[in-house]
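Q: what's the 3D shape of this:
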Amino acid sequence: MKYIIADRPIYETNFDDEVLSMEWKESELENDDLKNYKAKAEFYVRQHQDNAVIAKLKGNIPLTEADVKVLEGILWSEVGTKQEYEAEYGAKPLGEFVREIVGLDMNAAKAAFAEFLNDTNLDSRQIYFVNQIVEYIVHNGMMKDLSVLQEPPFTDQGSIVEVFTDLSLWAAIRRTIDRVNANAAAA
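A: Numbers count the residues shown, from 1 in each chain. Take a look at the predicted model:
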């Protein structure tokens, strides 16, 4: 308040702007937040998790050819083009792409591995290992690269060979992982 002095003179100005050009390009007016295809597609999928096909992927329900057509319509028409998708993701199946974004519902993952988690014949290390697989799939949507099983937290209580001395048990777990992965592809 001490800098406001009522006795100072008031100056008024009146500037006229001169219009130099009325041209602009639509691309210059677009929002940069969702400029590239990847960001737009991931944003769309996260915002539309209640979509029937996206919910199927999150719930580990196998996709039909009709479901894949719906995904193609969304990702190749509404969000962008097939060329943009292929430039960003190559030949990755649409279901895998969506599943990697939304992950897998915890209940669906536990249901897929229920025979192992509810089996009283497994020891604590085996149950721990299966639970780590479930956590990984819930977070990442699938487990395509099995080399992660040779890293912590999977190896915290021993390697696969040490934990699963009965390789038929490990083979059954591996088949379950493959089924979860396959449910993201078309039937």
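
Q: Spatially central residue in the chain, please.
A: In the chain, the residue lying closest to the centroid (CA atoms, centre = their mean) is Ile101, at 0.6 Å.

Q: what about it, which SS state?
A: At Ile101 the chain is in helix, as set by DSSP: H, G, I helix; E, B strand; the rest coil.

Q: Contact partners for it?
A: Shown in contact with Ile101 (CB atoms under 8 Å, 6 or more residues apart in numbering): 42, 45-46, 141. C-beta here means a position set from N, CA and C on the backbone, and glycine is covered the same way.

Q: Nearest to Ala52, out of those residues: which one, please.
A: Each of the contacts of Ile101 was scored against Ala52 by CB to CB, and Val45 proved nearest at 13.4 Å.

Q: pretty sure that closest one is touching Ile54, no?
A: Yes. Counting by CB atoms under 8 Å, Ile54 is a contact partner of Val45 at 6.3 Å.

Q: shared neighbours of these two, which are they?
A: 98, 102.

Q: how about the helices in this protein?
A: Here the chain has its helices, by DSSP state H, at 26-29, 37-47, 52-58, 65-73, 82-89, 94-102, 106-112, 114-117, 124-140, 160-163, 167-182.

Q: Including distance to Glu12 and mean pLDDT, could these go into CSV?
A: What follows is the helices of the chain, written out as CSV (distance: least, CB to CB, whole Å; pLDDT from 0 to 100):
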stretch, distance to Glu12, mean pLDDT
helix 26-29, 35, 49
helix 37-47, 48, 91
helix 52-58, 60, 95
helix 65-73, 60, 93
helix 82-89, 54, 90
helix 94-102, 57, 93
helix 106-112, 67, 96
helix 114-117, 79, 89
helix 124-140, 63, 95
helix 160-163, 82, 93
helix 167-182, 73, 94
